[in-house]
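Chemist: have a look; sequence and predicted model below, questions after that.
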Amino acid sequence: MGRKSVKENKNIYQQSREEMNLTREAAAELLEFISADRIEKIEGEKTLARPEEVMKMSQIYKKPSLNNYYCSHECPIGRVYVPEIQLKDLSQITLELLATLNALDKEKNRFIEITVDGVVSDDERQDFEDIKARLNEMSKAIASLGLWVDSAMASQPK
């Protein structure tokens, strides 16, 4: 049986494994293709996890948020294009989504005016950027809802 880690500043992979009360050896058995030594290197930040490893960890550790963490923090492309999604309460997610929908409803006509000709002119640019920012907020709220659902499903017994 492995020893309990006393290390401070544990990375998300180690925290997730320990939340499941798994030793590296037990995790390696469940993860099947990731050895205890490799887990130690990932948790010790001596090497980066590979996407397929993170996907398997997220499944075994019942922590779908690991996938978003990897994409938004470790993947070179994802760091640019994937926002970090925080796990929130369903009520907060719902309110954020509704607030964004209400704001977009007010901006809908301006969006149509800007895009109808297929060109964003200089005098339309700021309004278009504002609408784009609101759409990004909606995208994050939707992703947050998806993460909430995935987490709720992962925590239920099969």
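Modeler: Received it, and whenever you're ready, just let me know what you need.
Chemist: residues near A36, how many?
Modeler: 16 (other CB atoms under 10 Å). From N, CA and C alone the C-beta is placed, and that goes for glycine too.
Chemist: SS state for F33?
Modeler: Classification of F33 using DSSP: H, G, I helix; E, B strand; the rest coil returns coil.
Chemist: the closest residue to it other than its chain neighbours is in what secondary structure piece?
Modeler: Leaving aside its sequence neighbours, F33 sits nearest to K56 (CB to CB, 6 or more residues apart in numbering; 7.3 Å). For K56, the host element (DSSP states H and E) is helix 51-60.
Chemist: what do you get for E45?
Modeler: Going by DSSP H and E, E45 is not in any helix or strand.
Chemist: was I right to think the residue nearest to F33 contacts I34?
Modeler: Yes - using CB atoms under 8 Å, K56 is in contact with I34, at 6.8 Å.
Chemist: more crowded one of these two?
Modeler: A direct count of neighbours by other CB under 10 Å for K56 and I34 places I34 higher, at 21 against 18.
Chemist: now the more buried one. Its backbone dihedrals?
Modeler: As for I34, its main-chain torsions (degrees, to the nearest 10) stand at phi -120, psi 120.
Chemist: pLDDT value on it, please?
Modeler: At I34, the model reports a pLDDT of 97.
Chemist: that one: what's it in contact with?
Modeler: A27, A28, E53, K56, M57 (CB atoms under 8 Å, 6 or more residues apart in numbering).
Chemist: got it, and C71?
Modeler: Neighbours of C71 in contact, by CB under 8 Å, 6+ apart: G78, V82.
Chemist: three-state assignment of it?
Modeler: helix.
Chemist: against V120, how distant is it?
Modeler: 29 Å (CB to CB, to the nearest Å).
Chemist: flag every buried residue along stretch 58-71.
Modeler: For stretch 58-71, burial by neighbour count (16 or more other CB atoms under 10 Å) applies to 58, 60-71.
Chemist: hmm, P64 and L147 touching each other?
Modeler: Yes - here L147 reaches P64: they are 6.1 Å apart, a contact under CB under 8 Å.
Chemist: okay, now the unreliable bits of the chain?
Modeler: Residues of the chain meeting the criterion pLDDT under 70: 1-7.
Chemist: what's the distance between the spatially most central residue of it and K132?
Modeler: Central residue check for the chain by CA atoms, centre = their mean: the C-alpha nearest the mean position is that of N68, 2.5 Å away. To K132, N68 is 21 Å away according to CB to CB.
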